[in-house]
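Peer 1: give me coordinates for this.
(one chain, ligands or ions: 1)
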Amino acid sequence: MFAAFIKKEYFEEYLTEYLSVVQSMNIPLMKLFSHLTYEQLREMTRQGVQNYLEGFEHGTALEQAAESLRKWETDELPGVPKNAIESSDLVLVYAAQKLTLNKFLTLYTDDVHTVATIVRELEEYYIQVQDQALQMLFRLQKATEEKLADKNRQLEEAQALAHIGSWEYDARTNTSIVSTELYHIFGLEPQEGPVDANLFREMMNMDPTNESQQAASFHYALGLPYFQEFTITRSNGEKRILQTRGESILDEKGKVIKAHGTTQDITEIREAEIQKQLSQQKDEFISIASHELKTPLTSLKAYVQLIDKTLSSDSASMAGKYVAKAMEFTGKLEALISDLLDVSKIEAGKLQFNMQEFEIDQLVQDCIEMTRHSAPDYQITLHGSSGATMKADRQRIEQVLLNYLSNAVKYSPKNKQIEVYIHLKDKQVEVAVQDFGIGIPAPKQNRIFERFFRVQNKNHNFQGLGIGLYISAEIVKRHKGKVWVKSEEGKGSTFSFSLPVK
Ligand code: ADP
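Peer 2: Next up, the predicted model:
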């Protein structure tokens, strides 16, 4: 009855009335259409109202309403993002429709019976549609809240990873709201109670003479972005270095009312920087020291050789024995210094190779022979052969294998058995040196090829600089090969390398 009544006689009047009601109500949703001219808006509304009336005519008004609510919920309405709709919008739109009808009915009909029927018809419709709409809004709201909770969770995770906390400070109430990570940075737990700004201030060992802190207070008072670094002392006495970035908000009188920002715990970053600096200083020292040591050592070696030659006729004498010892220690010193020189060459990118062709099996045998010579009470057994010819720096590859073998000897003070394996696999020669010595604890194994890395052993005091494996790894890598280790603490280690064959 309602549809028939309006459509037949008063459609345009109804449209005009409806639009003027909607516009006078200032419905926030209508902002979406603010770019349309009145004519365009009227045309759009005409379509909508026509559909709406047809729904009533055919008894499908409720289904139509449900369908448009569904489109809203699933974001299928072109040009209307679902988050643009608030529950108040819906209430207002329905109110506008009701208001228009009431006005309209009182203006255009004197027939009380018609008015009563139409009002009843519409009341029933609105009760049901509003119920559906509220349910939809409830679902949308819940989804948004879940998304927000998800976002908050992600934010918390990100803050924890980067050790960055965020905070808001209200100067009027002297209270702060801080993120979970900021509690953790201060060594606190959120459940320990609300944050008191004074508590934080107490922990910050502020230094009034520190310029960066003075500048920060100045910027804070002016409402400018500020940055400062300071240390805190946690309640357990632990000191942490923090960096804060913030911004304050002033009232019209220029008084700070609020501030907000982030605080990052940079203790580990600072420590890593110091480590890096120390390691650079160490490199510089090594480079200078090894060059300085080399010159007198070369002279010393030459003199010892001269004495040796002079005495060679009388090698059985005590002097001859002392000279032989002096030669041995000069050799050790020379090896140490040349390792140090290698490190500084690697660091400076100046390690050069003298490539030549050679049989790797022969090289392995030579190295075993040399090790047998210097460690006669060790039993070294070779397994397998590769038959491969390499193109590589023979002396450098020898240095790698000798390092593996001398470590196998050094770190196996009790079990004096050493197994060496060589075989060819996928155009790569693999060489492995197995010992049954002290082994390497699992957590240390992946750092064993790092420069200066040594495993501390409580039972033994092995001498060394922690650079042999670093040089070996560098040599093999530069030959496009690989190094690796398998080890078990207390059982022994197997150090391997592989190199591409020619
Ligand atoms: P260095 O032996 O001079 O300390 P390396 O670079 O050759 O230096 O070795 C680094 C560290 O690796 C050693 O300090 C030792 O802790 C460990 N390591 C090397 N080879 C072995 C091995 N065969 N068995 C047990 N530990 C080893």
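
Peer 1: so residue 78: helix, strand or coil?
Peer 2: Classification of residue 78 using DSSP: H, G, I helix; E, B strand; the rest coil returns coil.

Peer 1: scratch that, residue 65
Peer 2: Put simply, residue 65 is helix when judged by three-state DSSP.

Peer 1: what does the stretch 401-502 of the chain put close to the ligand?
Peer 2: Applying Cβ under 6 Å from any ligand atom, we find that the stretch 401-502 of the chain lies next to the ligand at 403, 407-408, 411, 435, 437-440, 448, 453-455, 464-470, 493. (Each C-beta comes from the backbone N, C-alpha and C, glycine too.)

Peer 1: quick one: average pLDDT of the strand ranked longest in the chain?
Peer 2: Longest among the strand segments of the chain by residue count, using DSSP state E, is strand 239-250. Here strand 239-250 scores 90 as its mean pLDDT.

Peer 1: same for it, what does it pack against?
Peer 2: The contact analysis (3 or more Cβ pairs under 8 Å, 6 or more residues apart in numbering; DSSP states H and E) places strand 239-250 against helix 211-222, strand 226-233, strand 256-265, helix 267-311.

Peer 1: can I get those in a markdown table including distance to residue 338 and mean neighbour count?
Peer 2: Listed next are the helices and strands packed on strand 239-250 as a markdown table, based on distance: least, Cβ to Cβ, whole Å; neighbours: other Cβ atoms under 10 Å:
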| stretch | distance to residue 338 | mean neighbour count |
| --- | --- | --- |
| helix 211-222 | 47 | 14 |
| strand 226-233 | 44 | 18 |
| strand 256-265 | 44 | 18 |
| helix 267-311 | 8 | 13 |
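
Peer 1: can I get those in TSV including distance to residue 498 and mean pLDDT?
Peer 2: What follows is the helices and strands packed on strand 239-250, written out as TSV (distance: least, Cβ to Cβ, whole Å; pLDDT from 0 to 100):
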stretch	distance to residue 498	mean pLDDT
helix 211-222	53	82
strand 226-233	48	88
strand 256-265	43	91
helix 267-311	29	84
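
Peer 1: poorly predicted segments of the stretch 301-450 of the chain, please.
Peer 2: Within the stretch 301-450 of the chain, the ranges that satisfy pLDDT under 70 run 312-316.

Peer 1: count the neighbours of the residue lying closest to residue 139 once chain neighbours are set aside for me.
Peer 2: Spatial nearest neighbour of residue 139, excluding adjacent residues (Cβ to Cβ, 6 or more residues apart in numbering): residue 73 at 6.7 Å. When neighbours are counted by other Cβ atoms under 10 Å, residue 73 registers 17.

Peer 1: what parts of this structure come near the ligand?
Peer 2: Residues of the chain lying near the ligand (Cβ under 6 Å from any ligand atom): 403, 407-408, 411, 435, 437-440, 448, 453-455, 464-470, 493.

Peer 1: just the buried ones out of those, please.
Peer 2: Neighbour-count burial (16 or more other Cβ atoms under 10 Å) applied to the residues of the chain next to the ligand gives 403, 407-408, 411, 435, 437-440, 448, 454-455, 467-470, 493.

Peer 1: neighbours around residue 392, how many?
Peer 2: Per other Cβ under 10 Å, the neighbour tally for residue 392 reads 26.

Peer 1: so who does the residue nearest to residue 238 when sequence neighbours are not counted touch?
Peer 2: With Cβ to Cβ, 6+ apart as the criterion, residue 238 has its nearest non-adjacent residue at 6.8 Å, and that residue is residue 187. Neighbour list for residue 187: 234, 235, 236, 238, 240 [criterion: Cβ atoms under 8 Å, 6 or more residues apart in numbering].

Peer 1: please report how far the nearest residue to the last one once chain neighbours are set aside lies from the ligand.
Peer 2: Pointing back at residue 240 there. Counting by Cβ to Cβ, 6+ apart, residue 240 lies nearest to residue 267, which is 4.9 Å off, once chain neighbours are set aside. Going from residue 267 to the ligand by Cβ to the nearest ligand atom, to the nearest Å gives 28 Å.

Peer 1: and residue 267, how close does it get to residue 231?
Peer 2: Per Cβ to Cβ, to the nearest Å, residue 267 is found 9 Å from residue 231.

Peer 1: residue 471 too?
Peer 2: Applying Cβ to Cβ, the value for residue 471 to residue 231 is 40 Å.

Peer 1: now swap in residue 166 and tell me
Peer 2: Taking Cβ to Cβ, one finds residue 166 at 20 Å from residue 231.

Peer 1: looks to me like residue 382 is in a strand.
Peer 2: Yes - per three-state DSSP, residue 382 lies within a strand segment.

Peer 1: what's the burial count for it?
Peer 2: If you count neighbours by other Cβ under 10 Å, residue 382 ends up with 15.

Peer 1: mind listing what it touches?
Peer 2: Contact analysis of residue 382 by Cβ under 8 Å, 6+ apart lists 364, 365, 368, 420, 422.

Peer 1: what sits against the first one?
Peer 2: By Cβ under 8 Å, 6+ apart, the contact set of residue 364 is 382, 401, 420, 422, 431.

Peer 1: make TSV out of those residues and add secondary structure.
Peer 2: Converted to TSV, the contacts of residue 364 look like this (three-state DSSP):
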residue	secondary structure
382	strand
401	helix
420	strand
422	strand
431	strand
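
Peer 1: which residue ranges of the stretch 401-502 of the chain form strands?
Peer 2: Ranges of strands in the stretch 401-502 of the chain, per DSSP state E, counting those that start in this stretch, are 417-425, 428-435, 482-488, 492-500.

Peer 1: okay, now the nearest residue to residue 449 once chain neighbours are set aside: neighbour count?
Peer 2: Among residues not flanking residue 449 along the chain, residue 473 sits closest, at 4.1 Å (Cβ to Cβ, 6+ apart). Neighbour count for residue 473, taken as other Cβ under 10 Å: 21.

Peer 1: shouldn't residue 473 be in contact with residue 451?
Peer 2: No - the criterion here is Cβ atoms under 8 Å, and residue 473 misses it with residue 451 at 9.5 Å.

Peer 1: need the max-distance pair from the contacts of residue 382.
Peer 2: The span of the contacts of residue 382, defined through Cβ to Cβ, is set by 368 and 422 at 10.4 Å.

Peer 1: now do the helices in the stretch 301-450 of the chain.
Peer 2: Secondary structure of the stretch 301-450 of the chain (DSSP state H, counting those that start in this stretch): helices at 318-347, 360-374, 394-410, 442-445.

Peer 1: and those helices: which comes nearest residue 116?
Peer 2: Proximity to residue 116 (Cβ to Cβ) singles out helix 442-445 among the helices of the stretch 301-450 of the chain, at 85.9 Å.

Peer 1: what's that closest one in contact with?
Peer 2: By Cβ under 8 Å, 6+ apart, the surrounding residues in contact with helix 442-445 are 453, 455, 485, 487, 488, 489.

Peer 1: and the closest residue to the ligand within the stretch 401-502 of the chain, how far from residue 74?
Peer 2: Closest to the ligand within the stretch 401-502 of the chain is residue 464: 2.3 Å, counting by Cβ to the nearest ligand atom. According to Cβ to Cβ, residue 464 stands 69 Å off from residue 74.

Peer 1: what's the answer for residue 374, then?
Peer 2: Residue 374 sits at a distance of 80 Å from residue 74 (criterion: Cβ to Cβ).

Peer 1: over to residue 105?
Peer 2: As defined by Cβ to Cβ, residue 105 lies at a distance of 35 Å from residue 74.

Peer 1: more neighbours: which of those two?
Peer 2: A count of neighbours by other Cβ under 10 Å puts residue 105 above the other of residue 105 and residue 74, at 19 against 9.

Peer 1: what about residue 110, how many residues close to it?
Peer 2: 7.

Peer 1: what mean pLDDT does the longest helix anywhere in the chain get?
Peer 2: Counting by DSSP state H, the longest helix found in the chain is helix 112-162. With pLDDT averaged residue by residue, helix 112-162 scores 78.

Peer 1: all set now, cheers.
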